[in-house]
Each structure stands twice: as structure tokens, then as C-alpha cells.
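A.B. asks: kindly generate the corresponding structure for this input.
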Amino acid sequence: MPELVLWDIDHTLMATRGLGRALWAQAFAEVTGTAMREQASITGSTERVILRETASLHGIPYSDELFDTFAAALGSVHVRRAADLRERGHALPGAAAVLSSLAERGVRQSVVTGNVRAAAEVKLAVFGLDSYVVLDEGAYGEDGEGRPELLGKALARAGVAPADAVFLGDTPADVAGGRDAGVRVVAVATGRSSAGDLREAGAVEVLESLSDVAAVLAAIGA
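C.D. replies: Numbering: from 1, shown residues only. Purely as a prediction, here's the structure:
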């Protein structure tokens with residue numbers, strides 16, 4: 001049984017059904033004074049990278065100060081529009097049941113996500129998943145640019161060796177990041193990437209969804 005299970009958030013545990021882009025655009029406009037015409041690719045990326053590339057698309061210079069201001073604005077937008085998230089989005093089938101089952105088995109859980117922490121906290125709380133994870137042992141968009149770096153941060157915070165952790169995500173970037181960090185990855189084809197895409201990226205364990213709780217637990221090793 002793993003000592004620590006780490007979860008990606010978007011399209012692994014939940015779906016915001018397009019609202020995430022709207023909230024991002026709102027924060028972008030608030031911080032830059034520019035309406036977002038287009039957004040850089042978000043799949044498997046982190047907010048720091050997405051902001052830098054999106055700012056470039058709009059001719060806006062990027063800086064760490066811009067990111068810090070944006071991160072605060074994005075968190076605030078999520079807090080203000082939590083009711084909209086609850087109405088539009090949903091936890092994916094089986095997510096709560098798997099988290100609960102792991103908690104009952106005494107497995108520590110946290111998140112590794114490209115979201116800034118404040119936004120991640122709102123999303124998890126809105127969909128009733130926050131009580132199962134130790135947020136201080138996770139890693140967020142503020143912590144780095146790629147999955148290997150974020151996974152390393154989470155493992156260090158939790159005091160867990162890579163071999164004793166499992167990471168669940170829905171993108172080839174999640175799979176590659178887990179492999180680079182030495183963490184076993186269970187890929188879930190609940191996002192934009194197919195099961196074939198995830199296997200091609202190197203995932204050994206690939207699930208179509210989290211709906212079959214027993215199958216998910218078996219894949220995790222719990």
C-alpha cells in the first residue's frame with residue numbers, strides 16, 4: 001500500500017465545464033487591463049507557464065511580480081464565484097468514493113496541480129473533496145513550472161520517498177512528470193487525452209474513469 005497518494009485536480013477529480021477558462025480570463029483582465037483574446041494551451045501545464053505564454057500572445061511583458069499579482073487575483077475570483085463553480089461543475093464519478101476509501105485505509109492524500117493554491121482549495125471545497133486531502137503536503141502553480149518539480153516539492157513536504165507514492169493524473173504531461181520524479185503513475189482517461197495517448201506516454205496503469213472504485217484501489221495498490 002502506498003504511503004502517499006497524490007492527485008491532479010482538473011479532469012482527474014473534477015470538471016468545471018468551461019467555467020475555468022472564464023474565471024482565468026476574468027483574473028487576466030483584472031490584472032493586465034487587457035481582455036483575453038486567446039489563451040495558451042492549458043493541458044498538463046501550470047498557471048505560471050500559462051500566464052507567461054498568454055501574456056506573450058497579448059504583447060504583455062511577463063515577470064514574477066505579474067504572476068504573484070495574477071495568482072492572488074485568480075484565487076480571489078474563485079472565492080467570489082464559488083457558487084458558479086458549484087452550479088456549473090461537478091466532481092467526476094467515483095472521485096469522492098475513491099478518496100473516502102483511501103482515507104478509511106489510512107492512506108495520506110494530497111494534490112499536485114498546476115492551479116494556484118487558493119483556486120485549488122476552492123475547487124476541492126466546492127465539490128466536497130477537501131476533507132480527504134492534506135493541502136499543506138501538496139504542490140501548486142506557485143511552486144514551479146513542470147510536473148516533476150511539483151511532485152518533488154510535494155514529496156519533500158510530505159517526507160515521503162518517490163517509491164512510496166502514487167500519482168493520479170489525466171495527461172501525458174502527468175505521466176511523464178511522474179516518471180521523471182520516480183513516482184508510479186495511474187493515468188485516468190477522463191480528460192482530453194485518450195487511454196491510448198496515456199499508454200503511449202508511458203503509463204503502465206490506465207483507467208477509463210474512477211467509477212469502479214475497486215479497480216481504482218487495485219491500480220493504486222490499496
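A.B. asks: show me the contact partners of stretch 19-26.
C.D. replies: Identification of contacts with stretch 19-26 by Cβ atoms under 8 Å, 6 or more residues apart in numbering yields 10, 35-36, 39, 42, 50, 74, 77-78, 81, 84-85, 88-89, 119. C-beta: built from backbone N, CA, C; applies to glycine.
A.B. asks: quick one: the helices in the protein?
C.D. replies: Assigned helices in the chain, in chain order: 19-32, 47-57, 64-80, 82-88, 95-104, 117-126, 147-158, 172-181, 195-200, 213-220 (criterion: DSSP state H).
A.B. asks: elements contacting the longest one?
C.D. replies: With contacts taken as 3 or more Cβ pairs under 8 Å, 6 or more residues apart in numbering; DSSP states H and E, helix 64-80 sits against helix 19-32, helix 47-57, helix 117-126.
A.B. asks: the second one - what's its average pLDDT?
C.D. replies: Confidence over helix 47-57 (mean pLDDT, whole number) is 94.
A.B. asks: quick check: buried residues in that helix?
C.D. replies: Neighbour counts using 16 or more other Cβ atoms under 10 Å place Glu47, Arg48, Val49, Ile50, Leu51, Arg52, Thr54, Ala55 of helix 47-57 among the buried residues.
A.B. asks: which members of those are the farthest-apart pair?
C.D. replies: Using Cβ to Cβ, the pair of the buried residues of helix 47-57 lying farthest apart is Glu47 and Ala55, separated by 11.8 Å.
A.B. asks: overlap of the contact sets of the two?
C.D. replies: A shared contact of Glu47 and Ala55, defined by Cβ under 8 Å, 6+ apart, is any residue touching both; here there are none.
A.B. asks: rewinding a little: and the helices of the chain: which comes nearest Glu3?
C.D. replies: Per Cβ to Cβ, nearest to Glu3 of the helices of the chain: helix 147-158, 8.1 Å.
A.B. asks: the helices of the chain: which one's closest to Val166?
C.D. replies: Shortest distance between Val166 and the helices of the chain, using Cβ to Cβ, is found for helix 213-220: 5.3 Å.
A.B. asks: show me what that closest one is packed up against.
C.D. replies: Using 3+ Cβ pairs under 8 Å, 6+ apart, the elements in contact with helix 213-220 are helix 95-104, strand 184-188, strand 205-207.
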